[in-house]
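> A structural model of the following input is requested.
(one chain, ligands or ions: 1)
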Amino acid sequence: MTDIALNPKDLDYIRDMVRTRAAIVLEPEKGYLVQSRLDPVAKSEGLASIGELVTKLKKGPHGELHKQVVEAMTTNETSFFRDLTPFQALREQVLPEIIARKATSKRLNMWCGASSSGQEPYSVMFTIWEHFPELKNWNFQFFATDLSEKMLEKCRNGKYSQLEVNRGLPITSLTKFFAKKGMGWQVQDDIRGRIDFKPMNLIGPWLPFPTMDIVFLRNVMIYFDMDTKKQILENIRKILDPNGYLFLGGSETTLNLDNEFERVAVSGTSCYRVKKG
Ligand SMILES: C[S@@+](CC[C@H](N)C(=O)[O-])C[C@H]1O[C@@H](n2cnc3c(N)ncnc32)[C@H](O)[C@@H]1O
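Coordinates of the predicted model:
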């Protein structure tokens with residue numbers, strides 16, 4: 001860590017930049033977080049302090065360094081089968097219902113927004129491969145997006161350390177869906193190849209998505225203000241099939257943000273659907 005304390009004006013500059021470029025709200029008392037996340041960035045640029053980093057950011061045109069700083073301020077915490085119940089809901093209710101309803105078209109579209117390092121979309125794939133192998137022959141598109149290029153690179157590689165696979169991955173999934181690679185593990189090619197990993201900022205232009213049957217947007221809206229959450233939920237409604245399902249994180253909700261969604265109980269958890277009529 002650099003010795004020089006973070007100046008309040010520099011902190012405000014970073015807070016503003018992160019909010020404008022990623023919608024992430026950093027409270028003024030999060031100086032310690034900015035310091036710990038940006039010290040390595042300053043160091044890698046050969047700068048002695050975050051003050052010097054801010055000076056460089058102010059001088060230069062918005063480019064790679066700005067992107068690096070915003071990415072460093074994102075929280076990428078995730079794990080395989082995080083919270084368990086959404087994946088149980090997919091297995092017990094959501095996928096059987098969609099498979100029955102779409103038996104003729106055999107078309108399934110899914111999107112995992114804020115996929116971080118990939119554990120979440122891969123957990124969805126493992127659920128499908130293990131319990132609904134018939135979907136392998138469906139026309140299915142699975143998009144996984146994140147703001148962070150660094151995270152997307154990790155998603156595409158599908159390589160995880162022993163510590164990462166120890167977090168939430170059942171041993172049966174490890175033996176079925178991974179190959180040992182050096183000290184770690186890599187998701188098998190046929191599974192990696194079925195997910196379309198793409199960069200997308202939730203407050204930027206959205207990709208031209210097809211109509212979605214299932215949307216996972218978990219543990220990212222917690223970082224945003226009310227207006228941003230409302231806008232994102234409205235955008236989701238535009239791409240979600242009227243019979244589709246939206247999964248949010250355990251501490252997230254559409255309540256008091258978007259009245260056109262309703263919360264429905266599925267397999268010991270809840271998800272959100274667009275109200276009928
Ligand atoms: C805490 S992780 C959530 C990962 C996963 N969804 C889960 O629940 O385990 C939050 C992710 O949101 C991404 N993120 C933050 N702001 C974003 C934005 N404006 N647009 C797209 N992704 C964003 C971060 O890069 C990070 O990978």
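> Where does the prediction get shaky in the protein?
Applying pLDDT under 70 to the chain flags residues 1-4.
> Can you tell me which residue is spatially central in it?
Nearest residue to the geometric centre of the chain (C-alpha atoms, centre = their mean): A114, 1.7 Å.
> Let me see the contact set for it.
When contacts are counted by C-beta atoms under 8 Å, 6 or more residues apart in numbering, A114 touches 145-147, 202, 217-220. For every residue, glycine as well, the C-beta is placed using N, CA and C.
> Repeat that for V54.
10, 13-14.
> which stretches of the stretch 101-250 of the chain form helices?
For the stretch 101-250 of the chain, applying DSSP state H, counting those that start in this stretch gives helices covering 119-131, 149-157, 162-166, 171-177, 189-192, 226-239.
> Distance from the chain centre to the longest one, please.
Right, the one you point to is helix 226-239. In this view, helix 226-239 has its centroid 16 Å away from the chain centroid, taken as C-alpha atoms, centre = their mean, to the nearest Å.
> same thing with stretch 120-130?
15 Å.
> what's downstream of the one helix or strand K43 maps to, the next helix or strand?
Assessed by DSSP states H and E, K43 sits inside helix 31-44. Next in sequence after helix 31-44, counting helices and strands by DSSP H and E, comes helix 50-59.
> State the next helix or strand along the chain beyond that following helix.
Once the chain leaves helix 50-59, the next helix or strand it forms, by DSSP H and E, is helix 64-72.
> and that following helix with helix 50-59, angle?
For helix 64-72 against helix 50-59, the angle by axes from the mean of the first three to the mean of the last three C-alpha atoms, to 10 degrees is 130 degrees.
> which stretches of the stretch 151-277 of the chain form strands?
Counting by DSSP state E, counting those that start in this stretch, the segments of the stretch 151-277 of the chain that form strands are 159-160, 178-181, 184-187, 195-199, 212-217, 240-248, 261-266, 269-274.
> can you list the residues of the stretch 51-200 of the chain near the ligand?
Proximity of the stretch 51-200 of the chain to the ligand (C-beta under 6 Å from any ligand atom) is limited to residues 74-78, 82, 114, 116, 120, 146-148, 151.
> Dump the contacts of A114 to CSV, plus neighbour count.
Below are the contacts of A114 laid out as CSV (neighbours: other C-beta atoms under 10 Å):
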residue, neighbour count
T145, 23
D146, 28
L147, 25
L202, 22
L217, 22
R218, 24
N219, 20
V220, 24
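> Ends of stretch 74-94, what's the gap?
30 Å (C-alpha to C-alpha, to the nearest Å).
> In it, which residues are buried?
For stretch 74-94, a neighbour-count test (16 or more other C-beta atoms under 10 Å) marks 74, 78-83, 85-91, 93-94 as buried.
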